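Asks: Pasted the sequence and its predicted model underneath.
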Amino acid sequence: CLNEEDRGLPAINLILPLLRRGIAVHHSGLLPIIKEVVEILFQEGLIKALFATETFAMGLNMPAKTVIFTAVRKWDGDGHRWMASGEYIQMSGRAGRRGKDERGICIIMIDEQMDMDTCKEMILGKPAPLVSTFRLSYYTLLNLMSRAEGQIDAEYVIANSFHQFQHDKALPEVEERVAKLEQEAASVDVAGQEMMADYHRLRLRIADLEKQMMMEILRPEHVLLFLTPGRLIKVRDGGDEWGWGVVINIVKKQSAGYGTQPSTILTSPRAGYYIVDTLLHCASGFSHEGPRPKPRPCPPGEKGEMHVVPLQMSLICAISALRVAVPGDLRPAEARQSVLMAVKELEKRFPDGLPKLDPVEDMKIDDPDFVKIVRQIEEEEHKLIGHPLFKSEQEVDCYSTFQKRAQLTTEAQRLKLKLRDSQLHRFREELRNRSRVLKRLGHINNDNVVQLKGRAACFIDTADELLVTELMFNGLFNDLDHHQIVGLSSCFLPMEKSNEQIHLKNELAWPLRKMQETARRIAEVQCECKLEVDPEEYVQSFRPFLMDVIFSWSKGATFAEICEMTDIFEGSIIRIARRLDEFLNQLRAASQAIGDVDLEKKFEAGSESLRRGIIFANSLYL
């Protein structure tokens with residue numbers, strides 16, 4: 001089913017000698033036709049050894065005699081983590097062929113230290129719970145407004161969603177938790193409560209001011225110069241106090257989309273932020289709370305282990321003026337342990353705390369508002385030192401007791417608020433904000449009636465509907481030929497990162513600049529309407545890595561030629577090209593809906609220019 005030209009592709013020439021020997025590889029970056037050949041040969045029993053990703057394990061009829069895990073940690077796009085229980089069960093479940101094997105064999109090659117709890121959780125743990133990721137989109141809102149005819153509105157959809165069902169189901173447990181917290185708080189006896197409350201307010205005030213100060217200090221233009229290898233930094237992750245760690249390296253995470261995620265260690269970090277690789281004193285074993293295992297701070301008195309942990313810059317709560325020497329090779333545990341000993345020695349030499357960088361004197365931050373915050377901290381600390389409880393015999397016991405009671409009361413209040421404030425209320429606020437955006441951009445009028453631009457956006461669900469329709473109505477697509485349109489449209493589709501340096505011809509560079517300017521304006525409108533969107537991050541989410549590749553394919557280049565233009569896998573190129581064809585068909589339908597015949601013809605011509613060769617070769621299963 002391939003023409004002679006495509007049969008000589010390097011990917012095919014590389015896999016054929018392996019297939020003849022009964023060895024195969026299967027992953028998402030392969031050419032679709034190669035993946036199908038491998039699957040068919042495997043089902044026929046002609047493949048004796050298959051190197052595959054977990055995707056292959058989803059096959060319903062792909063059993064094997066033996067399953068071998070070459071490692072128990074996997075890369076998930078953000079970092080390496082232990083394999084989840086559901087992933088292990090799915091893949092190991094391939095072992096054993098019905099009617100051929102009495103039992104399946106599963107071999108785990110453990111190539112690094114793994115504690116018993118982690119191993120037990122992976123093999124015997126419960127599968128990940130099903131959690132709703134329901135979100136309001138402009139596409140959903142516009143289609144509800146234009147097609148529901150008043151019978152079903154956005155609030156009805158939200159109220160009857162699985163997301164709201166899960167929230168309502170959890171309410172009895174929350175009520176039980178509130179009652180327990182209030183009972184526990186009432187049982188805590190605090191002597192000298194008024195004096196202690198005043199002392200507690202002072203400490204909270206200082207903590208709040210320090211948080212404001214650190215937000216300014218951690219701006220990249222201020223802090224990057226000081227986060228050099230060996231620098232001591234104090235790390236706090238929510239309620240987890242990590243103490244002093246040592247900076248090893250700092251890298252910037254490239255943007256992969258937009259939106260916000262919680263800033264926690266070893267979870268998916270918000271794209272476009274700096275990640276600081278830090279040597280931290282960790283407890284043995286990992287915490288399994290949340291979507292993936294993550295390290296825990298070492299409790300006082302325990303030996304623990306030193307590990308390099310990637311963390312977001314926002315978790316840094318203090319920067320020391322001190323640095324320690326870092327060994328060139330941190331792989332041996334002894335090398336990491338020597339750094340811990342150096343930190344411990346410094347803590348002994350400075351019993352009142354390690355000296356910190358002065359943000360004004362050392363870091364030269366001279367913004368008047370910032371200097372004012374620094375002075376306020378100094379004043380509050382002076383009051384704290386003059387308080388009767390400061391460094392008194394009762395301070396530790398009384399304050400810890402009072403703090404425990406305050407935490408219990410605060411948590412109970414938070415849960416009560418959660419009971420009153422249902423998910424529906426939160427979605428209502430988001431719904432109002434998104435409706436403001438649609439009005440500002442002209443998709444709906446003041447009576448929430450969908451306008452011409454909104455009707456076009458109702459057809460776009462493969463890409464960002466706001467930006468696409470804005471480009472349709474500001475005339476950018478009209479100024480391009482169908483080859484340029486195809487190249488520019490590739491930016492709207494999610495794709496893997498390329499390490500290739502992008503050098504675009506002028507015929508592609510100026511449309512990209514116009515598109516980015518429009519995207520920045522849309523992001524600013526969303527910010528003004530109180531939606532959490534980072535304009536720069538939003539603009540960077542439209543990746544131009546395949547613009548010249550798709551443009552060349554549209555103009556008649558061979559598949560071998562376009563593969564030479566990028567380091568992105570052949571299978572990924574084909575997957576994006578097929579999604580791009582679907583996207584162009586949606587653009588054509590949107591043009592038809594607004595009566596723009598010329599634009600409709602351009603999108604149709606662009607789609608036709610993609611539909612050829614190996615990219616749209618027929619499946620072997622048909």
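Replies: Cool, got the structure. Owing to the predicted nature of the structure, the values given are computational and were not obtained by experimental measurement.
Asks: buried ones in stretch 329-346?
Replies: For stretch 329-346, burial by neighbour count (16 or more other Cβ atoms under 10 Å) applies to 330, 336, 338, 339, 340, 342, 343, 346. Where C-beta positions appear, they are placed from N, C-alpha and C, glycine not excepted.
Asks: what do you get for stretch 585-602?
Replies: Within stretch 585-602, the residues scored as buried using 16+ other Cβ under 10 Å are 586, 587, 588, 590, 591, 592, 594, 596, 599, 600, 602.
Asks: circling back to that earlier point, which one among the buried residues of stretch 329-346 gets closest to residue 568?
Replies: Within the buried residues of stretch 329-346, the smallest distance to residue 568 is 31.9 Å, found for residue 330 (Cβ to Cβ).
Asks: Correct me if wrong, but the closest one is in a helix.
Replies: No: under the criterion used here (DSSP: H, G, I helix; E, B strand; the rest coil), residue 330 is coil, not part of a helix.
Asks: For it, give me its contacts.
Replies: 248, 279, 308, 336 (Cβ atoms under 8 Å, 6 or more residues apart in numbering).
Asks: Kindly report the same for residue 317.
Replies: 210, 214, 234, 235, 236.
Asks: Mind doing that once more with 6 Å?
Replies: By Cβ atoms under 6 Å, 6 or more residues apart in numbering, the contact set of residue 317 is 234, 236.
Asks: State the helix or strand in which it lies.
Replies: According to DSSP states H and E, residue 317 maps onto strand 316-323.
Asks: okay, the following helix or strand past that strand in CSV with CA atoms only?
Replies: Going down the chain from strand 316-323, the next helix or strand is helix 333-349, by DSSP H and E. The C-alpha coordinates for helix 333-349 follow below in CSV (Å, rounded to 0.1, in the frame of the first residue of the first chain):
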residue,chain,number,x,y,z
ALA,A,333,25.3,8.3,47.9
GLU,A,334,28.5,9.1,49.7
ALA,A,335,29.0,12.3,47.6
ARG,A,336,25.4,13.5,48.4
GLN,A,337,25.9,12.6,52.1
SER,A,338,29.1,14.8,52.2
VAL,A,339,27.0,17.8,51.2
LEU,A,340,24.5,17.1,54.1
MET,A,341,27.4,17.0,56.5
ALA,A,342,28.6,20.4,55.2
VAL,A,343,25.1,21.9,55.7
LYS,A,344,24.9,20.4,59.3
GLU,A,345,28.3,21.9,60.1
LEU,A,346,27.1,25.4,59.0
GLU,A,347,23.9,25.1,61.1
LYS,A,348,26.1,24.4,64.1
ARG,A,349,28.3,27.4,63.4
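Asks: now for helix 333-349, which elements pack on it?
Replies: Counting contacts by 3 or more Cβ pairs under 6 Å, 6 or more residues apart in numbering; DSSP states H and E, helix 333-349 packs against strand 305-312.
Asks: now the strand it packs on against helix 333-349, angle please.
Replies: 80 degrees (axes from the mean of the first three to the mean of the last three Cα atoms, to 10 degrees).
Asks: can you list contacts of strand 305-312?
Replies: 79, 248, 263, 265, 269, 273, 275-280, 282, 295, 336-337, 340.
Asks: Spell out which helix or strand contains the closest residue to residue 442 other than its chain neighbours, please.
Replies: Sequence neighbours aside, residue 453 is the residue nearest to residue 442 in space, at 5.2 Å (criterion: Cβ to Cβ, 6 or more residues apart in numbering). Assigned by DSSP H and E, residue 453 belongs to helix 452-457.
Asks: Residues contacting that helix, please?
Replies: Contacting residues not belonging to helix 452-457 are listed as 142, 442, 443, 444, 465, 469, 473, 590, 593, 594 [Cβ under 6 Å, 6+ apart].
Asks: next one: stretch 134-144 to chain centre, how far?
Replies: 22 Å (Cα atoms, centre = their mean, to the nearest Å).
Asks: typo on my end, it should be stretch 564-572
Replies: Taking mean C-alpha positions (Cα atoms, centre = their mean), stretch 564-572 and its chain are 24 Å apart.
Asks: again with stretch 16-35
Replies: So, by Cα atoms, centre = their mean, the centroid of stretch 16-35 is 31 Å from its chain's centroid.
Asks: buried ones in that stretch?
Replies: Buried residues in stretch 16-35, counted by 16+ other Cβ under 10 Å: 19, 24, 25, 26, 29, 30, 31, 32, 33, 34, 35.
Asks: hmm, back to that, of the contacts of helix 452-457, which belong to helices?
Replies: Using DSSP state H, the subset of those located in helices is 142, 465, 469, 473, 590, 593, 594.
Asks: number of nearby residues for the closest residue to residue 473 other than its chain neighbours?
Replies: Leaving aside its sequence neighbours, residue 473 sits nearest to residue 453 (Cβ to Cβ, 6+ apart; 5.6 Å). Other residues near residue 453 come to 20 when the count uses other Cβ atoms under 10 Å.
Asks: do the same with residue 316
Replies: Residue 316 has 21 nearby residues by other Cβ under 10 Å.
Asks: Equivalent analysis for residue 378, please.
Replies: Residue 378, neighbours per other Cβ under 10 Å, totals 11.
Asks: Now it: which helix or strand?
Replies: helix 368-386.
Asks: Pull out the buried residues from that helix.
Replies: 370, 373, 374, 377, 380.
Asks: How many neighbouring residues does the residue nearest to the last one when sequence neighbours are not counted have?
Replies: In this case it means residue 380. Spatial nearest neighbour of residue 380, chain neighbours left out: residue 206 (4.8 Å); criterion: Cβ to Cβ, 6+ apart. Look at residue 206: counted by other Cβ under 10 Å, it has 18 neighbours.
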